[in-house]
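[1] Pasting the sequence and the predicted coordinates here, then a few questions.
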Amino acid sequence: MTSQANQARPSIRLPATLAIGFTGHRTLSDEPKSKKLLYEFLSQRKAAAPGLIYGVASAAAGADLLFGESCVELEIPLQVLLPMPQEEFRKDFDADTWARVENLLSHAVSVEVTGGNQPRDERYYECGIETVQKSGLLLALWDGEPSHGMGGTADIVSFAKEVGMPVVWFHSVTGELQIFNEKPEYELLHDAELDFLNDLPDVKSEFDANTEQGLAWSWFRKVDHCANISAPQLRRLAAIPIVCTAAAALVTGAASGVHNITTWLSIGSALGILSAALPFALGLSGRQSLWARTRTAAEVCRSVLALWDTPASYQAIGPEVIPEFAGMLGSLNYLKMRDRAQAGVALEDFKQRYRHERVSGQIAYFSKHAAQSAAEARRYHAAIKVSVGLAVVMAAWLFVGSYAFKGLNPGHWKHLLALGASIAFQVATVAGALIVVNDCERRRQRYREMHYLLTEWDAQLDRLRTWTSVLRVANRIERSLLIEVIEWRSVMRNRKMPSK
């Protein structure tokens, strides 16, 4: 039974990952003992983990090297963070130790420089903080004493504890073990949102899911497909209760002018009950929640893929913005680190592909949808004007016929004119409500604004010639494209669908 259930699970799945960050002293009283502690801990974690683990650390002399070498020996992927470029970093090493560092860097799946132009101690501090922020658990080899300067082990351990990260601390002298902010193993390697997205049904994909980038693209396709098939129905379904409410008011009002009043009142009451029950019967809240979850995940994944060929694990939106996507982002970044094919992409090749596949496509998208939203708004406004105009004319005729010219009494047409005026006013009301439901005006303005901004940024990309400047503009583009869908997801999480 279990075997059949596992076979039925979707095969296109992002792997669950756990990044184990490390911080420790450069000078150790007993290196063999320290190496044994680190090796045994990593070996146990690798054997017990139901998912993938990888290490995140610098490559300073002492504990950092021992941790990195233990990862290499155990065939645990290693991401190395350097506080400064290698040419400057090597000044802190003697020849023999630097040879070990070079060997470690050659085995790392990713090497990134975290520091900028800050003073040297601040660069080491930034490197330690970045290690924590890229990790799900921090392993520390520390003597428990305060740091002697900025960026020491005590500073990094303190920061990790304060932000609530699980910290495993081995005393560098006694070997004693302490754990802070402990979490169950299941929580560390299982992410509820990633499990939900992984369990979405597979769709056909033209990409090879056996490669890192192919798997990411195939996974994006299935999440995007789920969002696409749920999104078009939402506004139409949300409009049904509005129409039913207007019809209920109209029928109930018309009942007073007919002989079979009971039948008309019953129809009006039924429509009123239907308008209240439809949002629940149609599952509007659940549909909207599904769309918000899948659309946001798809767009964040699309952003990661758009920046896949950048020289480092660069992302416009991190888990600090959407904590629910920490597992998804961690998995995608892991796949990117393992993808050696993207490591040698030239700046001009990335730039041209990014402009053509990402920016140009979005410019066309916003141009098309701005025109559609404008046309939709014009239709609703025209319906409002025509309906109100007809209602006013019919109401005026009733007034004239009943009071000003009693000789022109409309007779049996009186009820028909009253009903016609009521229908026209209800149509205007429904059209006005649909403008709000379909968000026509705001979407038109937003699409026009994004079209303008993307056109400006595309012109800048065409002229830029360095990775730093290109990525700065790409970051603006990706954040602008993601901000609306993230805000929409936040709204959906914090409010219920209106019952009418």
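    Received the coordinates, thanks.
[2] What are the boundaries of the strands in the stretch 151-300 of the chain?
    In the stretch 151-300 of the chain, strands defined by DSSP state E, counting those that start in this stretch lie at 167-171, 177-180, listed in chain order.
[3] Turn the ones you listed into JSON lines, including mean pLDDT and mean neighbour count.
    Any C-beta I mention is one placed from the backbone N, CA and C, and that applies to glycine too. Formatted as JSON lines, the strands of the stretch 151-300 of the chain follow (pLDDT from 0 to 100; neighbours: other Cβ atoms under 10 Å):
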{"stretch": "strand 167-171", "mean pLDDT": "94", "mean neighbour count": "20"}
{"stretch": "strand 177-180", "mean pLDDT": "93", "mean neighbour count": "12"}
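[4] would TSV of those strands with distance to residue 451 be doable?
    As requested, the strands of the stretch 151-300 of the chain are exported to TSV (distance: least, Cβ to Cβ, whole Å):
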stretch	distance to residue 451
strand 167-171	48
strand 177-180	50
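[5] what's the closest of the ones you listed to residue 82?
    strand 167-171 (22.8 Å; Cβ to Cβ).
[6] I'd like to know which elements that closest one is packed against.
    helix 31-48, strand 137-142, helix 153-162, strand 177-180 (3 or more Cβ pairs under 8 Å, 6 or more residues apart in numbering; DSSP states H and E).
[7] Would you tell me which one of these is buried the most?
    Scoring the helices and strands packed on strand 167-171 by mean neighbour count under mean count of other Cβ atoms under 10 Å gives strand 137-142 as the most buried, with a mean of 25.
[8] And that one, what does it pack against?
    Against strand 137-142 (3+ Cβ pairs under 8 Å, 6+ apart) you get strand 17-24, helix 31-48, helix 63-73, helix 153-162, strand 167-171.
[9] okay, the angle between that strand and strand 167-171?
    Strand 137-142 runs at 20 degrees relative to strand 167-171, counting by axes from the mean of the first three to the mean of the last three Cα atoms, to 10 degrees.
[10] if you average pLDDT over strand 137-142, what comes out?
    Strand 137-142 carries an average pLDDT of 94.
[11] Identify whichever of the strands of the stretch 151-300 of the chain lies nearest to residue 308.
    strand 167-171 (31.9 Å).
[12] And the contacts of the closest one?
    Residues outside strand 167-171 that contact it (Cβ atoms under 8 Å, 6 or more residues apart in numbering): 34, 37-38, 41, 137-144, 157, 160-161, 176-181.
[13] Could you do stretch 137-157 as well?
    18-25, 28, 34, 37-38, 41, 63, 66-67, 83, 121-129, 131-132, 160, 165-173, 188.
[14] how much distance is there from that stretch to the middle of the chain?
    Its chain's C-alpha centre and that of stretch 137-157 lie 33 Å apart, by Cα atoms, centre = their mean, to the nearest Å.
[15] same thing with stretch 370-389?
    Using Cα atoms, centre = their mean, the offset of stretch 370-389 from its chain centre is 33 Å.
[16] list the buried ones in it?
    370, 373-374, 376-377, 380, 383-384, 387-388 (16 or more other Cβ atoms under 10 Å).
[17] Per-residue pLDDT of residue 362, please?
    At residue 362, pLDDT is 93.
[18] now it, what's its secondary structure?
    Per DSSP: H, G, I helix; E, B strand; the rest coil, the secondary structure class of residue 362 is helix.
[19] Show the contacting residues for the residue nearest to it when sequence neighbours are not counted.
    The shortest distance from residue 362 to any non-neighbouring residue, by Cβ to Cβ, 6 or more residues apart in numbering, is to residue 454 (5.7 Å). Residue 454 makes contact with 359, 362-363, 366, 477, 480, according to Cβ under 8 Å, 6+ apart.
[20] One more: residue 159?
    So residue 159 contacts 128-129, 132 (Cβ under 8 Å, 6+ apart).
[21] Check residue 332 too.
    Counting by Cβ under 8 Å, 6+ apart, residue 332 has contacts 14, 216, 301, 304.
[22] between the residues you listed, which is nearest residue 112?
    Top of the list for closeness to residue 112, among those and by Cβ to Cβ, is residue 304 at 16.1 Å.
[23] and the host helix or strand of residue 352, what other elements does it pack with?
    Following DSSP states H and E, one finds residue 352 within helix 347-354. Where contact means 3+ Cβ pairs under 8 Å, 6+ apart, helix 347-354 is packed against helix 467-493.
[24] What's the mean pLDDT across the helix it packs on?
    Mean predicted lDDT for helix 467-493 stands at 82.
[25] For it, which residues meet the burial criterion?
    467, 470-471, 473-475, 477-478, 480-482, 485-486, 489, 492.
[26] That helix versus helix 347-354: what angle between them?
    30 degrees.
[27] Where does residue 118 fall, secondary structure wise?
    Counting by DSSP H and E, residue 118 is part of no helix or strand.
[28] contacting residues for it?
    residue 126.
[29] For it, give me phi and psi.
    Residue 118 adopts backbone torsions of phi -70, psi 170, taken as degrees, to the nearest 10.
[30] And the pLDDT for it?
    77.
[31] Look up how far residue 290 lies from it.
    45 Å (Cβ to Cβ, to the nearest Å).
[32] what do you get for residue 178?
    43 Å.
[33] next one: residue 82
    In terms of Cβ to Cβ, residue 82 sits 43 Å off from residue 290.
[34] ditto for residue 205
    From residue 205 to residue 290 the distance is 21 Å (Cβ to Cβ).
[35] How about residue 300?
    Here residue 300 is placed at a distance of 16 Å from residue 290 (Cβ to Cβ).
[36] Repeat that for residue 147.
    Residue 147 is 48 Å from residue 290, by Cβ to Cβ.
[37] Equivalent analysis for residue 382, please.
    Residue 382 is 34 Å from residue 290, by Cβ to Cβ.
[38] When residue 147 and residue 290 are compared, which one has more neighbours?
    Remark: of residue 147 and residue 290, residue 290 carries more neighbours, 20 against 17, as counted by other Cβ atoms under 10 Å.
[39] For the residue lying closest to the more buried one once chain neighbours are set aside, grab the count of nearby residues.
    Excluding the flanking residues, the one nearest residue 290 by Cβ to Cβ, 6+ apart is residue 230, at 5.4 Å. Using other Cβ under 10 Å, residue 230 has 19 neighbouring residues.
[40] Would you check that residue 230 makes contact with residue 294?
    Yes. In this structure, residue 230 is within contact of residue 294 by Cβ atoms under 8 Å, at 6.9 Å.
[41] Helices along the stretch 401-500 of the chain, start to end?
    For the stretch 401-500 of the chain, the helices defined by DSSP state H, counting those that start in this stretch cover 413-437, 440-463, 467-493.
[42] Who are the packing partners of the last one?
    Looking back up the chat, that one is helix 467-493. Looks like helix 467-493 contacts helix 284-306, helix 347-354, helix 440-463 (3+ Cβ pairs under 8 Å, 6+ apart).
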